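Student: Starting from these lines, generate the structure:
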Amino acid sequence: MNSELLSILEHIEQERGIDRETLVDAVEQALLSASRKSIHPAKDLDVKVDRNTGEIRAWARLEVVESNPTSDQLLIERAREKFPDVKPGDVVDWEVTPKNFGRIAAQTAKQAILQQLRKAEKAIVKEEFEDKIGDIVNGTVRRFEAGNIIVDFMKAEGIITPREKIPGEQYMQGDRISALLLKVETIGSGPSLILSRAHPDFVRRLFEREVTEIHDGVVEIVAIAREAGNRTKIAVVSNDPRIDPIGACVGMRGMRVKNITNELGGERVDIIKYEEDIRAYAASAIQPAKPSLIDVIESERTVNIYVAADQTSRAYGKKAQNVRLCAKLIGWNVNILVEDSVKVESFEEKLQRTIAHLSEALELDEELVGRIVRGGYVSIEGLKGASMEDLMALDGVSEEDADRVMAVLNSLG
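Tutor: As a prediction, this is how the structure comes out:
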């Protein structure tokens with residue numbers, strides 16, 4: 001066991017970069033934990049490994065007594081065999097190494113040693129990666145486990161869970177991969193690095209890496225709204241009046257934003273200019289729709305955006321994605337209202353138009369949406385505040401109908 005132990009420690013030190021002293025301390029603790037019952041009944045035990053020979057010895061701190069010793073005591077006659085000057089009440093370190101301790105250590109301590117080594121490795125990983133939390137790290141796809149991507153970083157492993165992946169992305173073992181480091185996990189036996197490619201800050205760091213003006217602080221990212229794999233809206237502002245923030249992010253012939261889009265697997269990235277005026281900011285954020293009028297209700301932090309009938313689909317976007325990202329970006333509630341300057345509509349015409357637009361945005365049949373609109377819910381934001389019970393209370397809306405509506409709203413986020 002002695003020579004084998006030294007060989008193992010030397011191998012781990014060279015292959016995994018863990019200091020020999022750290023390894024020996026871990027082995028001593030592991031052996032003490034695994035073999036305590038078989039060594040000695042004393043409470044105060046210690047196991048030491050000789051750094052040069054690998055010899056393992058166990059010691060107990062025992063109080064010297066004249067008679068009737070307990071498991072934590074030693075008869076004075078026995079103690080004086082090694083310590084001639086000892087007196088009753090003295091505490092001595094007494095060797096209690098079992099004769100078959102080498103076999104016991106080999107059989108019972110291996111798993112405990114591995115656990116201690118994993119702890120030591122995680123401590124080293126934490127020290128190396130803790131200051132990189134919030135930054136992009138690069139690794140190699142090592143394997144796949146239950147939908148998770150396990151990423152190799154040489155001295156550590158990272159994990160990208162299905163929730164933190166960009167939908168639709170495919171990787172092969174051995175592929176290089178970049179991700180945002182969210183957390184360094186030091187508890188448990190799984191991968192230490194928690195990674196994400198779906199987090200909005202992943203896009204932020206890509207722009208900082210690709211756009212010199214952002215890295216240098218000349219152009220600032222004010223807000224990001226993202227639905228990973230589909231679309232991102234990013235608001236930027238320049239601290240130098242001579243620098244166009246949108247042009248800086250797009251780059252010559254669009255190369256900068258194209259590089260970012262390629263890294264995101266083709267995800268669409270809309271870059272808009274941040275404005276202090278909420279009306280101007282909302283007008284930019286709702287692009288590609290062109291609003292006719294913007295009404296702001298400060299007390300409710302609500303923006304009503306009026307658009308022409310032919311701009312409605314652009315304002316909402318597919319599955320209401322555009323208006324949803326607009327609201328996330330500016331941090332206000334957003335309602336899309338249709339303005340028709342050609343004729344004055346009757347109440348019924350307005351009602352039918354609202355039903356049609358809401359039906360298109362939610363991808364639900366107009367008959368069901370009509371019952372909902374007539375019940376007082378005329379916008380997506382209004383519907384989000386409704387419960388199952390509220391919807392079922394509407395005339396003609398069944399439990400199955402209400403469940404379908406809630407499913408769609410949940411998918412919109």
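
Student: low-confidence ranges in this protein?
Tutor: The model of the chain has pLDDT under 70 over residues 1-3, 16-17, 35, 102-113, 116, 340-347, 413.

Student: Excluding chain neighbours, what is closest to Gly139?
Tutor: Val151 (4.0 Å; Cβ to Cβ, 6 or more residues apart in numbering). To be clear about C-beta, it is placed using only N, CA and C from the backbone, and glycine gets the same treatment.

Student: Tell me the bridge partners for that neighbour.
Tutor: Listed by DSSP bridges, the beta-bridge partners for Val151 are Val141, Gly158.

Student: Now do it against Tyr171, distance only.
Tutor: Remark: distance between Val151 and Tyr171 (Cβ to Cβ, to the nearest Å) = 10 Å.

Student: who has more neighbours, those two?
Tutor: Using other Cβ atoms under 10 Å as the criterion, Val151 and Tyr171 rank with Val151 on top: 26 against 14.

Student: Contacts only, for that one.
Tutor: 139-142, 157-160, 177, 179, 191, 193, 195 (Cβ atoms under 8 Å, 6 or more residues apart in numbering).

Student: And Ile76, its phi and psi?
Tutor: Phi and psi for Ile76, reported as degrees, to the nearest 10, are phi -60, psi -30.

Student: swap in Ala156?
Tutor: Note on Ala156: backbone dihedrals following degrees, to the nearest 10 are phi -150, psi 160.

Student: That one is in contact with Val125, isn't it?
Tutor: Yes. Contact criterion Cβ atoms under 8 Å: Ala156 and Val125 qualify, at 4.3 Å.

Student: overlap in contacts of Val151 and Tyr171?
Tutor: Listed contacts common to Val151 and Tyr171 are Val141, Ile177; contacts here mean Cβ under 8 Å, 6+ apart.

Student: Helix, strand or coil: sort out Glu349 for me.
Tutor: Following DSSP: H, G, I helix; E, B strand; the rest coil, Glu349 is assigned to helix.

Student: What distance do you get for it to Ile355?
Tutor: Taking Cβ to Cβ as the measure, Glu349 falls 11 Å from Ile355.

Student: now swap in Met255 and tell me
Tutor: Taking Cβ to Cβ, one finds Met255 at 45 Å from Ile355.

Student: Which stretches in the stretch 301-413 of the chain count as strands?
Tutor: 302-308, 333-339 (DSSP state E, counting those that start in this stretch).

Student: can you state the direction angle for the first one and strand 333-339?
Tutor: Translated: strand 302-308. Relative orientation of strand 302-308 and strand 333-339, computed by axes from the mean of the first three to the mean of the last three Cα atoms, to 10 degrees: 30 degrees.

Student: What strands line up against strand 302-308, and which way round?
Tutor: By DSSP bridges, strand 302-308 pairs with strand 291-297 (antiparallel), strand 333-339 (parallel).

Student: residues contacting Gly168?
Tutor: By Cβ under 8 Å, 6+ apart, Gly168 lies in contact with Gly229, Gly265.

Student: Kindly recompute the last result at 6 Å.
Tutor: By Cβ atoms under 6 Å, 6 or more residues apart in numbering, the contact set of Gly168 is Gly229.

Student: How about the backbone phi and psi for it?
Tutor: Note on Gly168: its backbone torsions stand at phi 90, psi -10 [degrees, to the nearest 10].

Student: Then Asp72?
Tutor: phi -110, psi 20.

Student: Verify the stated contact: Ser238 with Pro245.
Tutor: Yes. If you go by Cβ atoms under 6 Å, Ser238 and Pro245 touch, sitting 4.2 Å apart.

Student: The two: which has the busier surroundings?
Tutor: Counting neighbours by other Cβ under 10 Å for Ser238 and for Pro245 shows that Pro245 has the greater number, 25 against 18.

Student: what about that one, distance to Ser38?
Tutor: According to Cβ to Cβ, Pro245 stands 70 Å off from Ser38.

Student: Same check on Val218?
Tutor: Per Cβ to Cβ, Val218 is found 68 Å from Ser38.

Student: These two: who's more crowded?
Tutor: Between Val218 and Ser38, counted using other Cβ under 10 Å, the more crowded position is Val218 (16 against 13).

Student: can you give me the helices for the stretch 301-413 of the chain?
Tutor: Along the stretch 301-413 of the chain, counting by DSSP state H, counting those that start in this stretch, helices occupy 312-316, 321-330, 347-362, 366-374, 380-384, 388-392, 399-412.

Student: residues near His11, how many?
Tutor: Neighbour count of His11, defined by other Cβ under 10 Å: 10.

Student: If you could redo that for Val397, that was the one I meant.
Tutor: 18.

Student: Could you do Arg324 as well?
Tutor: Neighbour count for Arg324, taken as other Cβ under 10 Å: 21.

Student: Next: the one 10 residues further on.
Tutor: Using other Cβ under 10 Å as the criterion, Val334 is surrounded by 25 other residues.

Student: quick one: contacts for it?
Tutor: Each residue near Val334 by Cβ under 6 Å, 6+ apart is listed here: Val303, Val323, Cys326, Ala327.
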